[in-house]
Structures are given as C-alpha cells and as structure tokens.
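Colleague: Okay, structure incoming, though there's no sequence with it:
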C-alpha cells in the first residue's frame, strides 16, 4: 500500500532504536495532537485456488469484486503473474498502463508511480544465520541459491541475513549472481533477533514501489529481539507485504514459534512451511515461487470510509464455480495517521 505518513513504522522502529540505545521515553504535557487518516493507493495481491489446490488462472477484473468493510471498491489496475499491469476502464475493458500513470507518494515524476514498478515482484529473503542454524547452514544456503536462480526474469531479489544484528548481504537487484554472491559471503552468528531483522526488512521493502514479499528462512526460536512479533506483523499487514516463513524446525517441537510463524503468514497473505530437510526446503521455495507466478495484483483508491481502525478486505469470486474457490490475501489493513 502506498500511503502518506509512517506513524506505525516510526513508532515501532523508534521503539527499536530507543531500546537499542537504552533510552527511556517520558510523556510530556502539552496541546493534544490531532491525527488524521489518509490512504492514497491500495496494492492488493492474492492467489485463487480450486478445491484441489490448483491455481485458477485467467481471471479478469469482471470475475471478482473487492470489498472493504462491505463497500465495493472501484479497481484502477489489474495484473496477473509478472505481466505488466493494465488500466481498468469505465466499461470494464483493459488497456496498457502508461508510465507514471499511477499517482502515489513514491517514485515517478511529480509524485507519480511508474507502471514498470508493478512488473514482477521485489523479493526480500531474510536468512537466519544464528547459532540455531549452525548444523544446516550450508544446505540452507544451497536451497536459497536454487530459489534465487529460479525466480522469474521480471523479479528482483535482496538477500538479508541476521543473527543478533541484520546484515544486508545483497541489496535489491535483478542480477541473480550478485544476490547469490552476497548469500555465499554470509557467516554464522550468535543470538537470534528474528523480529528485529524482520521489521528492518519490512521497512526497506516498504520503500520500494510495486509488489513485494518477504521470505523468512529460520530455525524458529527468537532470544534477542526487542520488538514484539505482533507489532511486526501489523506493519506488514498495513503495508501490504506478504510474509512467507520456512522453518527448519518440526512444527510440534517449538509450538510457540510455530504459532507465531503461522500468524505472521496468514495475517499478511503469505504461507508458513515446516521443512527440516534440504529436500523439503527446496519444495517450500518451489511452492512460494509458484505462488508469486500465479498471483493477481490489483490497485484501487479506497471509497470514502469513516473507519480509521482496521479495514477488512474481502475478495469475492462472482461465478457459481468461484464460490468453491479459495482466495489467499491479507485480511485488511489500518490506514496511517499523519
């Protein structure tokens, strides 16, 4: 989602910075600040599967509707997979989107956003290099490298690693070799600050226009973060950034982490996998890549809505057959205050 103001990011990231510095925050008396909400452009990605779990491709904007708090939204653009986005005309027809035709606060000329930004996906891989991952470190690297090589040509990828601190091993790039080189330079660390690293990864992803996802590859336990997973999840939810999680642990071995991972994924439109072996990890990455290649992305400017809290999104397939389909997307978002 492209929106004005960054209240939640500022609060959570500020909390992270303050705790890291050992600072304390004190309330001060003064005039009451009045905050307002504003939503410029909603970017919504989703997948549709049938009763057998197979992807449903070839849908058109006329085949579904997007509801926000029960209010039908007028869609602006539509794209399938990594294809260029199309503008949805008043009569429902589609035409190519011209460069800088999407208005927003990031990129483009005069505050507009290039249509090229919505071609492909910006993939942020967050790799756990803490001591919990020591035994499977090399195999994990191989699984991630195979995933990076197999991404669609239109996709860009960044590779971040974390233990106690986050390392940006490879910035967002379309060069697969550059990303893998950064991955191969990663070294095993000590404690695990997963949610700190995830928050910072989301902050970077939010600055990039277009469609983006974060893929977390981790053993599970977090023993060093200073932010709560629900705060991090809320940031991803509001920004429209799906989180995919691949845990190298058994789902029942660490039920607390497993529950958090499942919630992070489902609440943001992603998925969670438990893959202890290298083969299972490769399969999980393959499924994520399939998800990205078979997704739909729409944008819209929200209709007037007095709700300044959580706005529930519901995607409805209109055909009788579509009633049996399963739609995977984030359940909603909170508008930012400014």
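Modeller: Yep, it's here. Just so you know, these numbers come straight off a predicted model, no measurement behind them.
Colleague: could you say which helix or strand contains the residue nearest the centre of the chain?
Modeller: Most central in the chain under Cα atoms, centre = their mean is residue 241, positioned 2.1 Å from the mean C-alpha point. Using DSSP states H and E, residue 241 sits in no helix or strand.
Colleague: pLDDT wise, what is it at?
Modeller: According to the prediction, residue 241 has pLDDT 96.
Colleague: Show the backbone phi and psi for it.
Modeller: phi -110, psi 110 (degrees, to the nearest 10).
Colleague: That one against residue 267, yeah?
Modeller: No - contact criterion Cβ atoms under 8 Å: residue 241 and residue 267 do not qualify, at 11.4 Å. In this view, the C-beta of every residue, glycine as well, is placed from N, C-alpha and C.
Colleague: What's the separation between the residue nearest to the centre of the chain and residue 80?
Modeller: Residue 241 is 20 Å from residue 80, where distance means Cβ to Cβ, to the nearest Å.
Colleague: Ok, residue 219 next?
Modeller: In terms of Cβ to Cβ, residue 219 sits 35 Å off from residue 80.
Colleague: tell me how far stretch 132-143 is from the chain's mean position?
Modeller: On the basis of Cα atoms, centre = their mean, to the nearest Å, stretch 132-143 sits 24 Å off its chain's mean C-alpha point.
Colleague: contact partners of it?
Modeller: Residues from elsewhere that reach stretch 132-143, judged by Cβ atoms under 8 Å, 6 or more residues apart in numbering: 127, 129, 183-184, 186, 188, 192, 217-221, 248, 278, 281-282, 285.
Colleague: Same check on stretch 322-335?
Modeller: 1, 3, 8, 37-39, 42, 44-51, 56, 63-64, 68, 234, 237-240, 242, 267-269, 271, 291, 308-313, 315, 317.
Colleague: And for stretch 268-279?
Modeller: With Cβ under 8 Å, 6+ apart as the test, stretch 268-279 has contacts from 45-46, 136, 139-140, 142-143, 213, 233, 236-237, 240-251, 258, 261-262, 264-266, 280-281, 283-284, 287-288, 291, 328-330.
Colleague: Just the ones of the residues you listed in strands?
Modeller: 45, 46, 213, 243, 244, 245, 246, 247, 328 (DSSP state E).
Colleague: beta partners for the fourth one?
Modeller: Per DSSP bridges, the residues bridged to residue 243 are residue 214.
Colleague: can you pull the contacts of it?
Modeller: Residue 243 sits next to 198, 213, 214, 215, 216, 233, 236, 264, 265, 268, 270 when contact means Cβ under 8 Å, 6+ apart.
Colleague: The fifth one too?
Modeller: By Cβ under 8 Å, 6+ apart, the residues touching residue 244 are 213, 214, 215, 216, 265, 270, 271, 272, 273, 288, 291.
Colleague: returning to that earlier point: closest to residue 206 among the contacts of residue 243?
Modeller: Nearest to residue 206 among the contacts of residue 243: residue 236, at 9.0 Å, using Cβ to Cβ.
Colleague: Against residue 152, how distant is the closest one?
Modeller: 22 Å.
Colleague: higher neighbour count, the two?
Modeller: Counted by other Cβ atoms under 10 Å, residue 236 and residue 152 do not tie: residue 236 has more neighbours, with 27 against 14.
Colleague: gap between the more buried one and residue 73?
Modeller: For residue 236, the distance to residue 73 (Cβ to Cβ) stands at 21 Å.
Colleague: For stretch 138-157, list every residue counted as buried.
Modeller: Buried residues in stretch 138-157, counted by 16 or more other Cβ atoms under 10 Å: 139-141, 143-148, 151, 155-157.
Colleague: can you list the domain ranges for the protein.
Modeller: 37-114+295-337, 122-293 (automatic domain parsing).
Colleague: Quickly, which of those domains bottoms out on average pLDDT?
Modeller: Set side by side, the domains of the chain differ in mean pLDDT, and domain 37-114+295-337 is lowest with a mean of 85.
Colleague: mind listing the helices for the stretch 51-200 of the chain?
Modeller: For the stretch 51-200 of the chain, applying DSSP state H, counting those that start in this stretch gives helices covering 137-149, 176-184, 194-206.
Colleague: would you turn those into a markdown table with distance to residue 304?
Modeller: Shown next, in a markdown table, are the helices of the stretch 51-200 of the chain (distance: least, Cβ to Cβ, whole Å):
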| stretch | distance to residue 304 |
| --- | --- |
| helix 137-149 | 42 |
| helix 176-184 | 43 |
| helix 194-206 | 25 |
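Colleague: returning to that earlier point: in ChimeraX, how would I select the buried members of the contacts of stretch 268-279?
Modeller: Of the contacts of stretch 268-279, the buried ones go into a single ChimeraX selection, burial set by 16+ other Cβ under 10 Å:
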select :45,46,136,139,140,143,213,233,236,237,240,241,242,243,244,245,246,247,248,249,251,258,261,262,264,265,266,281,284,288,291,328,329,330
